[in-house]
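In: predicted model, plus sequence, below.
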Amino acid sequence: MNMADAAANTQPINRPAVTLCVILAVIMQALDTTIANVALPYMQGSVSASADQINWVLTSYIVAAAIMTPPSGFLANRLGRKRILMVAVVGFVVASVLCGIAQSLVQIVAFRLLQGFFGAALVPLGQSVLLDIYSVEERGSAMAVFGISVMVGPVLGPVIGGWLTDHYSWRWVFYINVPLGVLAFGGISFFLRETNTSAAAKLDWLGFGSLSLAIAAMQVFLDRGAQLDWFSSFEILIEAVVCASALYIFLVHTFTAKNSFVNPRLFLDRNFSVGVLFIFIVGITYLASLALLTPYLQTLMGYPVVTAGIVMGPRGLGTMTCMFLVGRLIGRIDTRLLLMIGLLLTAWAMYDMTGWNPNVSQWTIAVTGFIQGAGLGFLFVPLTTVTFATLAPEQRADGTGLYNLSRNVGSSVGISVVSYLLTRNNQVNHATIAGHVTAFNHAFDNSIVRQAMSPWTASGRAALDQLIQTQASIISYIDDFKLMMILSLAAIPLVLLLRSAPTSGENDHAMVME
């Protein structure tokens, strides 16, 4: 680092400005994880793709982001965190514009890959920036703001995407990133100062390559497994073998090499190890419930996409409210107690959802969503704070990469598992209910029932089958909600393994701040 850079680094940090530009970058990336979902049918027609092919628009982004999340720490140490963030923002915006002007399926999938590659570094490096510029006492509030940008993005994504698609075009779900990206780039380039770099840092290509291959194979395996009936498909078998083999090579190499891609000593920190496992479970329960609720409202209850988004809005409100509240409670109340409250609120919301049916009121949906959002608010901020509380500052870039990778993998696993169980249980429940529906059932003694759903006419049998399918779907959703409730309760023992976060900056290096 030259003398000019050294002098610049002694200047006070404009923390509000740095926080704002980092949050803008994170929101931009978080929105794109779900904003394109509702636009898929419109894209499908524009690029002449089948329903199976258009799903690669989502899969390509998820795979690329998952691959590039772990090396974000290395890139920041080697080239400088500010430089990597600037490149990531520019690359993400350019890739977004290219997605918007794409004219074929190949083009849009390729550009979504670019979007994922560039956007992957924004969340972990943004988090590490906030962890560095705020003291231990202030990190709770900083992580509250950061958590809102990460977790509310997937909630707002379908709403914003649906509105843009309805009023303009599906291409605007990508063009919306341009103003956000310009503001984020300007703020990062002007207010954020560069970190120290290490020219001696080298990338462990075997570790990076094997982990990337394992992640990519696992993501495709999870995304396409339900469509292809899992292990009855040769493609799924190949992906499972590739994932297992690459993961084995990565683990062996990590624990035997001197300078491995992932430093195994990170996991000697108990809080970090438990936190990575904890955020994996949070990823499963939060985004998987979102993946279930959207089709529940639109398919079973017949809500338009905008109405469904409005009804789900209180979930985000609950998250934001409790994140700000918890941010002020950090340091005053044991973080483990806050985590316990968060898990219990989440389990309570899931329990309430096990009693739902298509006649449930919008008020009930909104209140339950608020409670679940509040549970996330009590989980995300204290979990992030306590996970990195005892980790050395020089290890935070690598740690945030692994932490966010665990959350992303948990989300993918959760969505795939609940989607598969929903499909399988639908078939099982349909067969079970249909077994009790015969022409001799006394329900057909009612003339109105016999006229509307007569088993002796084609229209009656169709109406009867539709009713059975609806009932089978309701039971299947209840089973999934019950599973996530049990998983939330099962995570409670992890809270007992965490150590309290220190109340002073004993693990931090001295920093110059406002």
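Out: Good, I have the coordinates. Quantities reported herein were computed from a predicted structural model and do not represent experimental measurements.
In: only C-alpha atoms from now on, for both contacts and neighbour counts.
Out: Fine.
In: give me the element the residue nearest to L498 when sequence neighbours are not counted is part of.
Out: Distance criterion C-alpha to C-alpha, 6 or more residues apart in numbering; nearest residue to L498, sequence neighbours excluded, is N271 at 5.4 Å. Element membership for N271, per DSSP states H and E: helix 270-295.
In: okay, buried residues for that helix please.
Out: Neighbour-count burial for helix 270-295, counted by 16 or more other C-alpha atoms under 10 Å, picks out 271-294.
In: give me the neighbour count for L494.
Out: Residues near L494, counting by other C-alpha atoms under 10 Å, number 15.
In: that one sits in which helix or strand?
Out: helix 492-497.
In: I'd assumed T33 was in a strand, is it?
Out: No. According to DSSP: H, G, I helix; E, B strand; the rest coil, T33 belongs to no strand; its state is coil.
In: so how far is F221 from it?
Out: Noted for T33: a distance of 18 Å to F221, by C-alpha to C-alpha, to the nearest Å.
In: again with S476
Out: Plainly put, S476 is 23 Å away from F221 if you go by C-alpha to C-alpha.
In: got it, and I238?
Out: Separation of I238 from F221 (C-alpha to C-alpha) stands at 9 Å.
In: between the two, which is the more surrounded one?
Out: Taking other C-alpha under 10 Å, I238 and F221 do not tie; F221 has more neighbours (24 against 13).
In: so the more buried one sits right up against V242, yeah?
Out: No. F221 is beyond contact range of V242, at 10.0 Å (criterion: C-alpha atoms under 8 Å).
In: would you map the strands across this structure?
Out: In the chain, no strands are found when defined by DSSP state E.
In: longest helix of it?
Out: Secondary structure of the chain per DSSP state H: the longest helix is helix 396-434.
In: report all helices and strands that that helix contacts.
Out: helix 56-68, helix 72-79, helix 122-133, helix 205-225, helix 270-295, helix 458-490 (3 or more C-alpha pairs under 8 Å, 6 or more residues apart in numbering; DSSP states H and E).
In: got the contact list for the shortest one?
Out: For helix 72-79, contacts defined as C-alpha atoms under 8 Å, 6 or more residues apart in numbering pick out 81-84, 120-121, 124-125, 195-203, 396-401.
In: cool, stretch 276-292 as well?
Out: Residues from elsewhere that reach stretch 276-292, judged by C-alpha under 8 Å, 6+ apart: 154-155, 376, 383, 387, 402-403, 406-415, 418-419, 477, 481, 484, 487-488, 491, 494.
In: tell me the buried residues within these.
Out: Burial by neighbour count, judged by 16+ other C-alpha under 10 Å, picks out 154-155, 376, 383, 387, 402-403, 406-415, 418-419, 477, 481, 484, 487-488, 491 from those.
In: give the rounded mean pLDDT of the helix holding N271.
Out: Across helix 270-295, pLDDT averages out at 83.
In: and the angle from it to helix 396-434?
Out: Here helix 270-295 points in a direction 40 degrees away from that of helix 396-434 (axes from the mean of the first three to the mean of the last three C-alpha atoms, to 10 degrees).
In: dump the residue contacts of T59.
Out: Residues counted as contacts of T59 (C-alpha under 8 Å, 6+ apart) are Q219, V220, D223.
In: distance check, it against L40.
Out: For T59 relative to L40 (C-alpha to C-alpha), the value is 12 Å.
In: anything in contact with each of the two?
Out: Contacts common to T59 and L40, judged by C-alpha under 8 Å, 6+ apart, are absent.
In: can you pull the buried residues of stretch 106-124?
Out: 108-124.
In: so which of the residues you listed sit within helices?
Out: Those of those lying in helices (DSSP H): 108-119, 122-124.
In: closest one of those to V93?
Out: Closest approach to V93 among those (C-alpha to C-alpha): Q115, at 7.9 Å.
In: returning to what we had before: and which of the ones in helices among the buried residues of stretch 106-124 is nearest P70?
Out: P124 (8.9 Å).
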